[in-house]
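# Everything below, folded, please.
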Amino acid sequence: MNRKGKVLVAMSGGIDSTVTALMLHNEGYEVIGITMKTWDYATSSGNNSKETGCCNLDSFNDARAAAVHNGFPHFILDIREEFGDFVIENFVEEYLAGRTPNPCVMCNTHIKWRALLKRANALDCEFIATGHYAEIRKHTNNRYVISKGLDETKDQSYVLWGLDQELLSRTILPLGKYRKSEIRQMAHDMGYPELAKKNESYEICFVPDNDYRGFLKRKVDGLEKKVEGGWFVDTNGKKLGQHKGYPFYTIGQRKGLEIAMGKPIYVTAIDPETNTVVLGEEKDLEKNDMQVGKINWIKYDGISDGMEAITKIRYKDKGALSNLYNTETGIRTRFYENVKSIAPGQSAVFYEGDDVIGGGIIQRGKLILS
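Next comes the predicted model:
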């Protein structure tokens, strides 16, 4: 056994995961690299799209080459079936329910970490590691806590709120203490200058052309026919014109509505039962109260009513000051000031300073006049 222990590192072939593996290798861990094939490009993307992202042959080869060059094993793990059964089906079901899903959160919570831990156990690895920009530490209450990464522009703590204590206790996140610019320099210094210049992928991995509407049409036979003929209505219910189908719109959307109102308008609500999309002004997106379900607590095993927290309602959200209250179905979040575009299906993550208290899935938002 190596002096630091044995660690299974998720390697996508990109700069972050490659530097993670090499960093741990150089620190004295016994590293095993693993690249997970999560989706089938041929059945997921349109005929005219270019294969991009982390799940292509070039990425697999880049990950394997880095492992071989540095003398540690590398495996490719096919998890398309378990990934597709949950993540992709959830993605489709959420849009058909009029909600806006976050597949990266679902993948991390239910698939990626569990798949890693299962194989880590089979390979007698004490730890698993990824290239996420966040930190994990053991708190004074003996619970494992996720904290924001040093680089605020790259921080990924938001997408990790679903990890339970077992997973956190086995996870190493080496990049949380570094800025992206430092990681690029490390890649260059380690002899991988091409990685330092490699473009990053921001698309959903199974929608590499970034066209989720096209993906839904390919996954659901006859979807366009099933949802055509629905109405845009204003906040008073007045019909404004027909739309292309409620699953093809998201809360806060302004572009691509193809309806002229003489002023900026936004999607403010979606009703799948009536195939109705509500349009309003920017002020109509403002809410100060929401219900959050499917809670996972991290820093504490629960909260007291009225606990103050910074709540983020999307990945790039700066967060807003709020109070949290326990309910029978989860957590009610009351914001001090109105926030815009609360979207059911997205994640709400609660912070205490830089620490993640916990998180959940937004069920609904509303405006309470006080």
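
# remind me which residues of the protein are low pLDDT?
For the chain, applying pLDDT under 70 flags the ranges 1-3, 40-57, 199, 201-203, 370.

# let's see 80
1-3, 39-59, 196-203, 208, 369-370 (pLDDT under 80).

# where does the most centrally placed residue in it fall, helix, sheet strand or coil?
Centroid-nearest residue in the chain: residue 104, 3.2 Å away (criterion: Cα atoms, centre = their mean). Following DSSP: H, G, I helix; E, B strand; the rest coil, residue 104 is assigned to helix.

# Which parts of the stretch 51-200 of the chain are helices?
Secondary structure of the stretch 51-200 of the chain (DSSP state H, counting those that start in this stretch): helices at 57-70, 80-83, 89-96, 103-107, 113-122, 165-169, 180-189, 193-197.

# deepest of these, which one?
Highest mean neighbour count among the helices of the stretch 51-200 of the chain (mean count of other Cβ atoms under 10 Å): helix 103-107, with a mean of 21. In short, each C-beta sits where N, CA and C put it, glycine included.

# Does anything pack onto that one? Which helices or strands?
Counting contacts by 3 or more Cβ pairs under 8 Å, 6 or more residues apart in numbering; DSSP states H and E, helix 103-107 packs against helix 89-96.

# centre of the chain versus the helix it packs on, how much separation?
How far helix 89-96 lies from its chain's middle: 15 Å, per Cα atoms, centre = their mean, to the nearest Å.

# re earlier: and the closest residue to the residue nearest to the centre of the chain other than its chain neighbours, what does it touch?
In space, and not counting its chain neighbours, residue 104 is closest to residue 159: 5.0 Å by Cβ to Cβ, 6 or more residues apart in numbering. Residues near residue 159 by Cβ atoms under 8 Å, 6 or more residues apart in numbering: 102, 104, 105, 108, 132, 315, 347.

# Make a PyMOL selection of the buried ones in those residues.
Here is the PyMOL selection string for the buried members of those, based on 16 or more other Cβ atoms under 10 Å:
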select buried, resi 102+104+105+108+132+347
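
# Quick one: distance of the helix or strand hosting residue 321 to the chain centre.
Element membership of residue 321 [criterion: DSSP states H and E] is strand 320-327. Remark: strand 320-327 is offset 22 Å from the chain centroid, using Cα atoms, centre = their mean.

# Likewise for stretch 273-293?
With Cα atoms, centre = their mean, you get 22 Å for stretch 273-293.

# for stretch 282-298, same thing?
On Cα atoms, centre = their mean, the centre of stretch 282-298 falls 17 Å from that of its chain.
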